[in-house]
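[1] Predicted model and sequence below, questions to follow.
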Amino acid sequence: MPTQSEIITQLSAMAEPEYAAFASRLIPGCPSMLGVRLPALRRYAAKLARDPAGPQAVVAQLGPEVFETRMLRGMVIGCAKLPSGERWRMLEDFLPLADNWSLCDSTAAGCRFMAKAPGFWLPRLQELARRDQEFPARFGLVCLLDHFTGTPEGRRLTLDACAAAPCPGLYTRLGAAWAVSVVAVKEPELGLAFLRTDPLDDFTHNKAIQKIRESRRATEEYRAAVLALKR
């Protein structure tokens, strides 16, 4: 199993300083960034997840000081072979480190296992969305939109989670707006019905409408219909 120092050395070999300078400007509060692109990080995470020492031992080598080691931690948890209960425990330990939108969303995108066990994951994601913590709540919402908006039931549960999310943090509200827009584009009548009566604050409500109108999948008629609901 590679040590933390060996992992940093490998990451440094893959790093692009110009990319680090560009990407770090897009991520408020970003820890030290080496500049490794996401596809390379995902490939390295998949390799680490297969280490004979096991994902728990690998994750223990991934300290919080560097952006890429935090990202690797979330990605390893996502792609390793783990029982649901153990994976949930590891995610709970990881979420305090996912303190920006990039770490949160990239980890969420890799959690494809969630759709295969909705009975386990849906209640936990809904509980995360109800937390008064900006990025854990966003993580719950983004996982819902990534992995559960493909079915009518999942879309309704995603809207329920958006409506119940109490955290006033900017990135929670943007996550809710994003999730609402995804549901609306996939099921337009459901989206309209929600926007007519939703309990979202005006910023989140209007941001959802903006994102729907920016979608290439929304028709001109639908863009006009949701614009009429702007507050």
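    That came in fine, so what should we check first?

[2] residue closest to the middle of the protein?
    The chain has residue 105 as the residue nearest its centroid, 2.7 Å off, counting by CA atoms, centre = their mean.

[3] Would you mind listing the residues in contact with that residue?
    When contacts are counted by CB atoms under 8 Å, 6 or more residues apart in numbering, residue 105 touches 138, 142. Every C-beta, even on glycine, is put in place using the N, C-alpha and C of the backbone.

[4] mind redoing it with 10 Å?
    For residue 105, the contacting residues are 98, 135, 138-139, 142-143, 145-146, 171, 175, 178, by CB atoms under 10 Å, 6 or more residues apart in numbering.

[5] I'd guess it is in a helix, am I close?
    Yes - judged by DSSP: H, G, I helix; E, B strand; the rest coil, residue 105 forms part of a helix.

[6] Please report how far it lies from residue 9.
    Residue 105 sits 27 Å away from residue 9, going by CB to CB, to the nearest Å.

[7] Ok, residue 87 next?
    For residue 87, the distance to residue 9 - CB to CB - is 28 Å.

[8] how long is stretch 58-73 end to end?
    End-to-end distance for stretch 58-73: 8 Å, by CA to CA, to the nearest Å.

[9] mind checking how far that stretch is from the chain centre?
    In terms of CA atoms, centre = their mean, to the nearest Å, the gap separating the centre of stretch 58-73 from the centre of its chain is 17 Å.

[10] cool, and stretch 124-131?
    Centroid separation for stretch 124-131 versus its chain: 13 Å, with CA atoms, centre = their mean.

[11] CA-only coordinates of that stretch in CSV, if you can.
    The C-alpha trace of stretch 124-131 is given here as CSV (Å, rounded to 0.1, in the frame of the first residue of the first chain):
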residue,chain,number,x,y,z
ARG,A,124,-29.9,8.8,4.3
LEU,A,125,-29.7,11.3,1.4
GLN,A,126,-33.0,12.9,2.5
GLU,A,127,-31.6,13.1,6.1
LEU,A,128,-28.5,14.8,4.8
ALA,A,129,-30.5,17.3,2.8
ARG,A,130,-32.3,18.3,6.1
ARG,A,131,-29.1,19.0,7.9
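
[12] So which bits of it are buried?
    Of all the residues in stretch 124-131, those buried under the rule 16 or more other CB atoms under 10 Å are 124-126, 128-129, 131.

[13] out of those residues, which one sits closest to residue 212?
    Lowest distance from residue 212 to the buried residues of stretch 124-131 (CB to CB) belongs to residue 129, with 20.0 Å.

[14] got the contact list for that closest one?
    Contact analysis of residue 129 by CB under 10 Å, 6+ apart lists 136-144, 157-158, 160-167, 172, 175-176, 179.

[15] And it, what's its pLDDT?
    According to the prediction, residue 129 has pLDDT 97.

[16] what about it, distance to residue 198?
    Going from residue 129 to residue 198 by CB to CB gives 15 Å.
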